[in-house]
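Asks: Could you look at this predicted model? Sequence included:
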Amino acid sequence: MSQSKLSASKKVLMKKTLGVVQNTVTKFFALDELFKRSRVRRYVEARQMFAHYCFVNIINKSTGKPMFNKSEIGSYMNYDHASIVHSLKSFENLHCVDVDYRNDFESLSNKIDRKLLLVETELRLKDELIEYIEKSDKETAKDLFRYIVRNKPNLVDIFDYRNYDSKNMTTTLN
């Protein structure tokens, strides 16, 4: 399945999630570009770990199945699904016999897990903010939008702001 056939929400989720994994793997291995067409061992191993993590560790919580199939991961990497299948097999072979490879993957996996937790929290906060704005009266929503536009806060600041009383909201905005 190509990325163009994915739903809009899945595209956003895929771009955000796989982007975090890609950036983390790239920094972990100190690469200039993860998906560079190269047979240099560190690039190959990094791509294998990326594919394995994305296919095995990113799970849809409601179904318990992988969030992204091999074709979707391949499409994101600009490879076909057969390359991903080969990459997953190679990962399993190396993971079984190479202690350094296994240790690298464990360290990398822990870093990715922490970063994805932050992304998941950010997405949840955005959803809560949208829900709050939809439920708010027009004046409160207007004040909140004005606050966001003027101050460009991060999401945690917005949630702190929303807990103020209306007197503090109007004085903060003016």
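Replies: Cool, the structure landed.

Asks: Can you read off the pLDDT for Lys16?
Replies: On the pLDDT scale, Lys16 is placed at 87.

Asks: Tell me which residues touch it, please.
Replies: Contact partners of Lys16, counting by Cβ atoms under 8 Å, 6 or more residues apart in numbering, are Val119, Leu123. All C-beta atoms are positioned from the backbone trio N, CA, C, and that covers glycine.

Asks: Report the next helix or strand after the helix or strand harbouring it in sequence order.
Replies: Assessed by DSSP states H and E, Lys16 sits inside helix 8-28. Per DSSP H and E, helix 8-28 leads on to helix 41-52 as the next helix or strand towards the C-terminus.

Asks: Which strands or helices does that following helix pack on?
Replies: Secondary-structure packing of helix 41-52 (3 or more Cβ pairs under 8 Å, 6 or more residues apart in numbering; DSSP states H and E): helix 8-28, helix 70-77, helix 81-97, helix 99-135.

Asks: Now Asp113: closest residue in space that isn't a chain neighbour?
Replies: Asn57 (7.7 Å; Cβ to Cβ, 6 or more residues apart in numbering).

Asks: Repeat that for Ser83.
Replies: Gly74 (6.1 Å).

Asks: Could you tell me how many residues sit around Met77?
Replies: 19 (other Cβ atoms under 10 Å).

Asks: any idea how far it lies from Tyr53?
Replies: When distance is defined by Cβ to Cβ, to the nearest Å, Met77 is 12 Å away from Tyr53.

Asks: Phe91 too?
Replies: Applying Cβ to Cβ, the value for Phe91 to Tyr53 is 9 Å.

Asks: Check Lys10 too.
Replies: Lys10 is 18 Å from Tyr53, by Cβ to Cβ.

Asks: of the two, who's got more company?
Replies: Tyr53 (22 against 14).

Asks: ok, that one touching Ile112?
Replies: Yes - Tyr53 is within contact range of Ile112, at 6.0 Å (criterion: Cβ atoms under 8 Å).

Asks: Now render the helices and strands packed on helix 41-52 as JSON lines, adding distance to Arg146.
Replies: Below are the helices and strands packed on helix 41-52 laid out as JSON lines (distance: least, Cβ to Cβ, whole Å):
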{"stretch": "helix 8-28", "distance to Arg146": "26"}
{"stretch": "helix 70-77", "distance to Arg146": "38"}
{"stretch": "helix 81-97", "distance to Arg146": "47"}
{"stretch": "helix 99-135", "distance to Arg146": "12"}
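
Asks: Most tightly packed of the ones you listed?
Replies: The highest average neighbour count among those, using mean count of other Cβ atoms under 10 Å, belongs to helix 70-77 at a mean of 21.
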